[in-house]
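Undergrad: what follows is a predicted structure for the sequence shown.
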Amino acid sequence: GRVSRYYAAFLPATGKVYKACGQDPTKSGSRPIYNVYEYQAAVIANATSYGAGCSGPGGALGLASNGRPWTSRTWTGTCSNLGPTSLALAVWGAGQQLLPLAALLPIAGPGCNLLNSADALLGPVVPTGGSAAVSLALPDSAALSGVGLNVQVAELQFDLAGAWTGLFTSNGLQLTIGAL
């Protein structure tokens, strides 16, 4: 009889599943047949940086994605250059905007902007070594495919007495959720 084998693997860098298959010619009586197929979700998960972060006590804040936001997985990002006496707050929004924070709070640093609609705040997180992780657990739901979310990190700076002395913001990340 015919003996076939196949192997499949998901490659996060491409967002695709590859399947390699073939027949054993010693069992099928014919020449080997090998095929490679590729599959991908209708919407490819993506994380794109937008806007610019401002400089806080540790330097210019930068938020980077550690992977792509796929359903049934936890997306993570890392904000770097946070000060030693600061807390990090994840600011999530469905929409984007450009709102200078100094117009609302004089404590905000120059050039610090709110880059999303600020629909949810998560945290605070105590930075470790000047970095803080941001994460979002995504449920296994095909209905989330193509949904866009925006995130940035706000750094709340405190002095040694515990008084709030500064507000600084990172660049934004626009996440497009993909479903496998």
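TA: It's in. Numbers count the residues shown, from 1 in each chain.

Undergrad: so what's residue 142 closest to, chain neighbours aside?
TA: residue 179 (4.6 Å; Cβ to Cβ, 6 or more residues apart in numbering). No exception for glycine: its C-beta is placed from N, CA and C like everyone else's.

Undergrad: would you confirm that the one you found contacts residue 139?
TA: No - the pair residue 179 / residue 139 is not scored as a contact, 10.3 Å apart, by Cβ atoms under 8 Å.

Undergrad: tally of neighbours for residue 73?
TA: When counting by other Cβ atoms under 10 Å, one arrives at 18 neighbours for residue 73.

Undergrad: how close does it get to residue 168?
TA: Residue 73 sits 30 Å away from residue 168, going by Cβ to Cβ, to the nearest Å.

Undergrad: what do residue 179 and residue 139 both touch?
TA: Common neighbours of residue 179 and residue 139, using Cβ atoms under 8 Å, 6 or more residues apart in numbering, are residue 71.

Undergrad: could you point out the bridge partners of the residue nearest the centre of the chain in the sheet?
TA: For the chain, the residue nearest the mean C-alpha position is residue 65 (4.1 Å; Cα atoms, centre = their mean). Following DSSP bridges, residue 65 is listed with bridge partners residue 77.
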